[in-house]
Structures are given as C-alpha cells and as structure tokens.
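> one predicted model, sequence on top.
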Amino acid sequence: MATSELAATYAALILADEGIEISAEKINALTSAAKIEVEPIWATLLAKALEGKDVKDLLTNVGSGGGAASGPAAPAAAGGAEAPAAEKKEEKVEEKEESDDDMGFGLFD
C-alpha cells in the first residue's frame, strides 16, 4: 500500500477513534496537516466505503466469523433427519483428503 493510502486510512481511524463523522474533507484535512499529499479520490472512496459503518465495531469483530457459523447450526438442531446428512458430508471430505495422499503429493516428498 502506498504511503498516501495508508495516511488516508490512518486519518479515518483517528476520526473514528475521536467519534467524529468520517468524511473526505476531514480525511484530507488530517493528511494535509501531516504534510502528506493524498489524491482526493482516495479520501472520497474511503469515506464512502465507511459511510454509515461503525469502524470500532468492524475492528473488534475482525475474523470472528460468528454470523456464518450460526446459520447452518440452527437447521441441524431443528430436525433430527438433517444430522445424518451432515455426517455424510463430513465423510466425503475425509475421502477427498485421502485421495490427495494417493496422488503422491505430500509435505515431505
């Protein structure tokens, strides 16, 4: 990432930390105060990408993946017939891994 793009990102993080609305004008003001030239398009794109989002919440939930894991678990718990189907899928995945070993691709080959 270029220095100007990083500066714009850091400016957005500073604004979010202070509880100030993130806008292209404010990002440009912070970067110009730091004597870093940022093309106006980068500040505009970053401000539009973060518009209406809670940046602090995004940072605290990085990589949590909680939303995706909870979706499939609910239907499996609701019906008993779906549980064996899930087990069959897992068995197929294991077979696929074994077939890779048969092809001669190994970590220490």
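Done, it's in. Residues are numbered from 1 along each chain as shown.
> identify the residues contacting residue 20.
With contact taken as C-beta atoms under 8 Å, 6 or more residues apart in numbering, residue 20 is in contact with residue 26. For glycine as for every other residue, the C-beta is placed from the backbone atoms N, C-alpha and C.
> got the phi/psi numbers for it?
With angles defined as degrees, to the nearest 10, residue 20 sits at phi -100, psi 140.
> can you list contacts of stretch 39-51?
The contact list for stretch 39-51, computed with C-beta under 8 Å, 6+ apart, reads 4-5, 8-9, 11-12, 16, 22-25, 27-28, 31.
> go again with 7 Å.
Residues outside stretch 39-51 that contact it (C-beta atoms under 7 Å, 6 or more residues apart in numbering): 4, 5, 8, 9, 12, 22, 23, 24, 27, 28.
> in JSON lines, list these along with neighbour count, pLDDT and distance to residue 48.
Below are those laid out as JSON lines (neighbours: other C-beta atoms under 10 Å; pLDDT from 0 to 100; distance: C-beta to C-beta, whole Å):
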{"residue": "4", "neighbour count": "15", "pLDDT": "83", "distance to residue 48": "17"}
{"residue": "5", "neighbour count": "14", "pLDDT": "87", "distance to residue 48": "15"}
{"residue": "8", "neighbour count": "26", "pLDDT": "91", "distance to residue 48": "12"}
{"residue": "9", "neighbour count": "15", "pLDDT": "91", "distance to residue 48": "14"}
{"residue": "12", "neighbour count": "21", "pLDDT": "92", "distance to residue 48": "11"}
{"residue": "22", "neighbour count": "22", "pLDDT": "91", "distance to residue 48": "10"}
{"residue": "23", "neighbour count": "18", "pLDDT": "92", "distance to residue 48": "10"}
{"residue": "24", "neighbour count": "18", "pLDDT": "93", "distance to residue 48": "8"}
{"residue": "27", "neighbour count": "26", "pLDDT": "93", "distance to residue 48": "11"}
{"residue": "28", "neighbour count": "20", "pLDDT": "93", "distance to residue 48": "14"}
